[in-house]
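Enquirer: need coordinates for the following:
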Amino acid sequence: MAGNGMRLAAVRVFVSDIAGAVDFYRDQLGLQPEAVSLDDGYAVFPLANGADLIVEADAPEEDGEEGLVGRFVGASLAVDDIEEAYQSLSEQGVRFADPPERQPWGGWLAHFMDPDDNVLSLVQLPEADPAV
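Expert: Down below sits the predicted model:
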C-alpha cells in the first residue's frame, strides 16, 4: 500500500485578517467554504481531491515569537490548464510572482500570493505517457 494508506487531509494557511482571507479564497480563487467561523478565526475550503484548505487566523505569542503569516506555504493547487487558470485568476486580481513556467520534471508551476503574502502554487501535472 503506497504511503501506508496516508493521504493529505488538509493544508493550513495562516492569515492576519480572517474575513479578508475568506473573501479572497472564496471570491478571487472561487473556492466554496464548507465552514466559516470568524469568531474562532478559521474557514475550511474543501478541494476536489478530498483534502481541505484551512485558513486560520494567526495569533503569535506575546513574547515576540515570529508569526506564521506571509510565508511560502508549500501547497500546490492542481489545475488542468494552468495558462487558463493563470489568466482567469489574474483577471480576478490574484497576484502572481511570475507567469507559469515549465519545470524540469515536465509539469508547470505558477506561484501566487494571498492578501497576507502567503505564497501558494498552481500546478499543472505532466500528462501521463499513454505508451507506458
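Enquirer: drop to CA atoms for contacts and neighbour counts, all remaining ones
Expert: Fine.
Enquirer: what comes up buried for stretch 11-23?
Expert: Neighbour counts over stretch 11-23 (16 or more other C-alpha atoms under 10 Å) mark 13-19, 21-22 as buried.
Enquirer: need phi/psi at residue 74.
Expert: With angles defined as degrees, to the nearest 10, residue 74 sits at phi 80, psi 20.
Enquirer: mind checking pLDDT for it?
Expert: pLDDT recorded at residue 74 is 92.
Enquirer: distance-wise, check it relative to residue 12.
Expert: Distance from residue 74 to residue 12, counting by C-alpha to C-alpha, to the nearest Å: 10 Å.
Enquirer: and the longest helix along the chain, what's buried?
Expert: Counting residues, the longest helix in the chain under DSSP state H turns out to be helix 82-91. Across helix 82-91, burial judged by 16+ other C-alpha under 10 Å covers 82-83, 85-86, 89-90.
Enquirer: just stretch 97-109 next, same as before
Expert: 100, 108-109.
Enquirer: centroid-nearest residue for this structure?
Expert: residue 120 (4.7 Å; C-alpha atoms, centre = their mean).
Enquirer: which stretches in this protein count as strands?
Expert: 10-15, 35-37, 42-46, 52-57, 72-78, 95-96, 101-102, 108-113, 119-124 (DSSP state E).
Enquirer: redo these as TSV? Include distance to residue 28.
Expert: Converted to TSV, these look like this (distance: least, C-alpha to C-alpha, whole Å):
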stretch	distance to residue 28
strand 10-15	16
strand 35-37	17
strand 42-46	13
strand 52-57	15
strand 72-78	14
strand 95-96	10
strand 101-102	22
strand 108-113	12
strand 119-124	14
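Enquirer: please determine how far residue 73 is located from residue 116.
Expert: 12 Å.
Enquirer: now do the contacts for the nearest residue to residue 71 once chain neighbours are set aside.
Expert: Distances taken as C-alpha to C-alpha, 6 or more residues apart in numbering place residue 118 nearest to residue 71, at 4.8 Å, with adjacent residues excluded. Taking C-alpha atoms under 8 Å, 6 or more residues apart in numbering as the criterion, residue 118 is in contact with 13-15, 69-73.
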